[in-house]
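K.L.:
Just a sequence and a predicted model for now, questions to come.
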Amino acid sequence: MTKSNIIDILCKVSFAKHRKKNIMKNKIKELRKERKISQEKLAFAVDTTRQTITSIEVGKYTASLPLAYKISKFFELSIEQVFDFTEIDEELK
Amino acid sequence: MKEYKKVINNRIMALSFLILFCAGVILLNMKFAEGTTMQEGFLVSFQGGLSVSLMLIGVINIFRYRSAAKDEEKLKKMYISENDERMKEIRRKAGLPITLIISCVMIAGSIVAGYYSTTVFYTLLGAGMFVILCSGITKVYYMKKM
């Protein structure tokens, strides 16, 4: 992960937090079901609670950059592969 | 986790002092309440009930912390539940911990004032309870929203 990639993701996540709708789509539920991992297990692995994972999956809560990074690292994917930034990219254009 | 273990041990000590303090308050009322407003039924029973409940909460939490300190997994779960970012955000939006501190100071003030004036006692108690209620409602609202 280069410095420019980190800055780019930081800007997108902080922009997402201030958007009116504040809904960040993600593929966490699908990835969890693929690998047969419970919310409890994922939450314990990324140092958060099951309720937070539920809120992130349904889009009620936007994860912070460190948490998003931990979740992506847990699934061995990049942040862009786990979290959907397409709406933010369109708004930034 | 080592630093959090130290935090847990400090909390156990603080709770032990709280239990002793509450026991002291109950004994104080039994021996020296005569001639003060603390002779009144509601005031003395409120203070007694509050002291006993604080002692019970202290004892329960001491047992909880001691069992967590012995088990690494329980300790981690406790650490996670206290430091979860979503809960921190909810507490921040609900005005915690400042509203809790303010209401505890008001209730403590009401207990002290209760020895001299029942009007001040009821006013401060009512205000303290109202602040706790508002904070609780706000917290529940944000827990549903987030």
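P.N.:
Yep, that arrived. Residues are numbered from 1 along each chain as shown, chains lettered A, B, ... in the order given.
K.L.:
Tell me the helices and strands packed up against the helix or strand that residue B:45 is a member of.
P.N.:
Secondary structure from DSSP states H and E places residue B:45 in helix B:41-70. Packing contacts for helix B:41-70, counted by 3 or more CB pairs under 8 Å, 6 or more residues apart in numbering or on different chains; DSSP states H and E, involve helix B:2-32, helix B:72-83, helix B:98-113, helix B:118-145. Every C-beta, even on glycine, is put in place using the N, C-alpha and C of the backbone.
K.L.:
how about the residues of chain B near chain A?
P.N.:
Within chain B, the residues that sit near chain A (CB under 8 Å from any CB of the partner chain) are B:76, B:77, B:80, B:81, B:83, B:84, B:85, B:86, B:87, B:145, B:146.
K.L.:
got a list of what the fourth one touches?
P.N.:
Spelled out, that is residue B:81. Neighbouring residues of residue B:81 by CB atoms under 8 Å, 6 or more residues apart in numbering or on different chains: A:49, B:87.
K.L.:
burial count for residue B:49?
P.N.:
By other CB atoms under 10 Å in any protein chain shown, 10 other residues sit near residue B:49.
K.L.:
what's the answer for the one 10 residues further on, then?
P.N.:
Counted with other CB under 10 Å, the burial measure for residue B:59 works out to 13 neighbours.
K.L.:
residues contacting the residue in chain A positioned nearest to chain B?
P.N.:
Nearest to chain B, among the residues of chain A, is residue A:52, at 4.2 Å (CB to the nearest CB). The neighbourhood of residue A:52, defined by CB under 8 Å, 6+ apart, consists of A:43, A:61, A:63, A:67, B:84, B:85, B:86, B:87.
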